[in-house]
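Show me how the following folds:
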Amino acid sequence: MPETSTLEVTPVVAIPPHLVGQIQSKLAYVDEAIAAAQVAESGDRITLTLRSAGNAAEIEAKVQRVVQEMAQGSIAPRVEILEDHLARPVSYDADPLTELLARREVYEESTGIFTFGPLMSRLIEYFEGRFLQLAAHFEAQPYRFPTLMSAKFLDRVDYFKAFPHSLTFATHLREDLDIINEFAEKAKYEGHGLNSPAEFFSQIQALLSPAVCYHLYFSLADHPLPNGQLIATAVGNCFRYESNNLTSLERLWNFTMREVIFVGSKDFVLEKREQSRLFMQKIFEELGLAYQVETANDPFFVGEFRKQAAFQNAFQLKYEIRARLPFKDSTLAIGSYNYHQDFFGRHLDITLPDGKPIHTGCTAFGLERVAYAFLAQHGFDPARWPAAVREALP
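Residues are numbered from 1 along each chain as shown. Presented below is the predicted three-dimensional model:
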């Protein structure tokens, strides 16, 4: 095991309770020497585990910058709870990952990258089928999107500014015979990655897709929206790098999202978003899921966090579906009901028949997280599962 050291930091600004988790997650991106970070619940102490001694003064200075930018002048958001079913009875209280690993139902190929066996695969397929009932309810048009996403379009919607820390880049060897031959002859995985120099690789034109619905908006760019409204559905692989926060099945680098996407006027999108929540309320009851729906914000990076998070909360743009994890007395976001206002309409020049920018929204489900939360609540004995799930799975 490599040697580690500990660095204790006293924040120059007291970290308020509502930001403890957010700041702790951002500290993973402060310096490559940080192996783990822990913010005390009181907000007055930060403990860093360092992979090497590093430059402690430099690391502390960067930590203080993060704390100041995120915490100084921060006002606690008003959390609105739309649904509270956290007290719904559950029959299991252990971390299902332990049993899944023992059964070889999951295999961690690399950090945040998991292979799933028959049980998890059947559960994921079943839950996606239930979410497709929502798509059918709206007569949503099916779409298929690529795993790669255009860097040009991501730039148009300011993604590089809002979420730079989570991006996963796609590249290839440059079209150069000598480079290709040298790579083929010498490339090896050494330490924590390939030994090939960065100059061997192409300029970045594409990234691995961080979200499903963006593909639909990009396909509609620079044109009026036919008929003035659209409901679509798609499933796709998503990639969000989360550094030291990639833990268990709660946070994966590569995960799968099923979305139902609404495009049209403001009233149309908000109406469909609310209808989707009410529809899913009945399905979650059948699944015996203990969960809560509450206002939330996206994980914006440090420079954008305070402004964008406050904006999302003020206009109730995001509601998270948070499932109970009994084994750790906590919750996990398994999906969300989102409203983007006219953001994509303005940035991508998509218009309604009257010439105004379109509004967009989506209902999204993380399929692996849903299956994980279900097992965390109901365990591995089908006899103790809710009837709807028990009767559907072989």
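
burial of residue 214, as a residue count?
24 (other Cβ atoms under 10 Å). Heads up, the C-betas are built off the backbone N, CA and C, glycines and all.

Quick one: residues contacting it.
149, 153-154, 157, 159 (Cβ atoms under 8 Å, 6 or more residues apart in numbering).

Could you work out the most separated pair of the residues you listed?
For the contacts of residue 214, the farthest-apart pair by Cβ to Cβ is 149 and 157; their separation is 10.7 Å.

Who wins on neighbours among the contacts of residue 214?
residue 149 (24 neighbours).

now that one, nearest residue through space, not along the chain?
Nearest non-adjacent residue to residue 149, counting by Cβ to Cβ, 6 or more residues apart in numbering: residue 209, 4.3 Å away.

Centre of the chain to the strand or helix carrying residue 389, how far?
Assessed by DSSP states H and E, residue 389 sits inside helix 387-392. With Cα atoms, centre = their mean, to the nearest Å as the basis, helix 387-392 stands 28 Å off its chain's centre.

Buried residues, it. List them.
Of the residues in helix 387-392, residue 389 count as buried by neighbour count, 16 or more other Cβ atoms under 10 Å.

Point out the other elements, helices or strands, that that helix touches.
Applying 3 or more Cβ pairs under 8 Å, 6 or more residues apart in numbering; DSSP states H and E, one finds that helix 387-392 contacts helix 118-137.

Tell me the strands beside the very next helix or strand once past the helix it packs on, with direction?
Next in sequence after helix 118-137, counting helices and strands by DSSP H and E, comes strand 141-142. Strand 141-142 pairs in its sheet with strand 230-239 (parallel), by DSSP bridges.

which one is residue 147 nearest to, not counting chain neighbours?
Of all residues not flanking residue 147 in the chain, residue 237 sits nearest, at 5.3 Å (Cβ to Cβ, 6+ apart).

check contacts around the one you found.
Applying Cβ under 8 Å, 6+ apart, the residues contacting residue 237 are 147, 208-209, 254-256.

lowest-pLDDT helix or strand in this structure?
For the chain, scoring each helix and strand by mean pLDDT, DSSP states H and E identifies helix 302-314 as the least confident one, at a mean of 49.

Following it in sequence, what is the next regular element?
Downstream of helix 302-314, the first helix or strand assigned by DSSP H and E is strand 318-325.

Which elements pack onto that following strand?
helix 266-286, strand 291-295, strand 330-339, helix 367-378.

Quick check: mean pLDDT of the shortest one?
Within the predicted structure, the mean pLDDT of strand 291-295 is 96.

can you give me the strands for the stretch 1-150 of the chain?
With strands called from DSSP state E, counting those that start in this stretch, the stretch 1-150 of the chain shows them at 5-9, 34-39, 46-50, 81-84, 106-110, 113-116, 141-142, 148-150.

which stretches of the stretch 51-200 of the chain have low pLDDT?
53-54 (pLDDT under 70).

For residue 83, name its beta-bridge partners.
Counting by DSSP bridges, residue 83 forms beta bridges with residue 293.

Tell me which stretches of the stretch 51-200 of the chain form helices.
Counting by DSSP state H, counting those that start in this stretch, the stretch 51-200 of the chain has these helices, from start to end: 56-71, 96-102, 118-137, 151-156, 159-162, 177-186.

Counting by contacts, list what the second one packs against.
Okay, so that is helix 96-102. For helix 96-102, the elements it packs on are helix 367-378, judged by 3+ Cβ pairs under 8 Å, 6+ apart.

swap in the shortest one?
For helix 159-162, the contact count by 3+ Cβ pairs under 8 Å, 6+ apart identifies helix 302-314 as packing neighbours.

Verify the contact between residue 48 and residue 24 for me.
No: assessed by Cβ atoms under 8 Å, residue 48 is found out of contact with residue 24, at 10.6 Å.

Next, show the common contact partners of these two.
Overlap of the contact sets of residue 48 and residue 24 (by Cβ under 8 Å, 6+ apart) consists of 37-38.

middle-most residue in the protein, spatially?
What sits nearest the mean C-alpha location of the chain, by Cα atoms, centre = their mean, is residue 240, with 6.4 Å.

hang on, that residue packs against residue 166?
Yes: contact status for residue 240 versus residue 166: in contact at 4.2 Å, counting by Cβ under 8 Å.

Spit out the contact partners of the residue nearest to residue 368 when sequence neighbours are not counted.
Distance criterion Cβ to Cβ, 6+ apart; nearest residue to residue 368, sequence neighbours excluded, is residue 255 at 5.3 Å. Listed by Cβ under 8 Å, 6+ apart, the contact partners of residue 255 are 237-238, 240, 366-369.

Tell me how the protein divides into domains.
For the chain, the structural domains run 5-71, 81-146+211-392, 169-200, going by automatic domain parsing.

Just give me the closest of the contacts of residue 214 to residue 380.
Once Cβ to Cβ is applied, the member of the contacts of residue 214 that ends up nearest residue 380 is residue 149, at 36.6 Å.

Check the gap between the closest one and residue 253 for me.
Noted for residue 149: a distance of 15 Å to residue 253, by Cβ to Cβ, to the nearest Å.

do residue 183 as well
Applying Cβ to Cβ, the value for residue 183 to residue 253 is 24 Å.

Equivalent analysis for residue 22, please.
20 Å.

Which pLDDT value goes with residue 11?
pLDDT for residue 11: 95.
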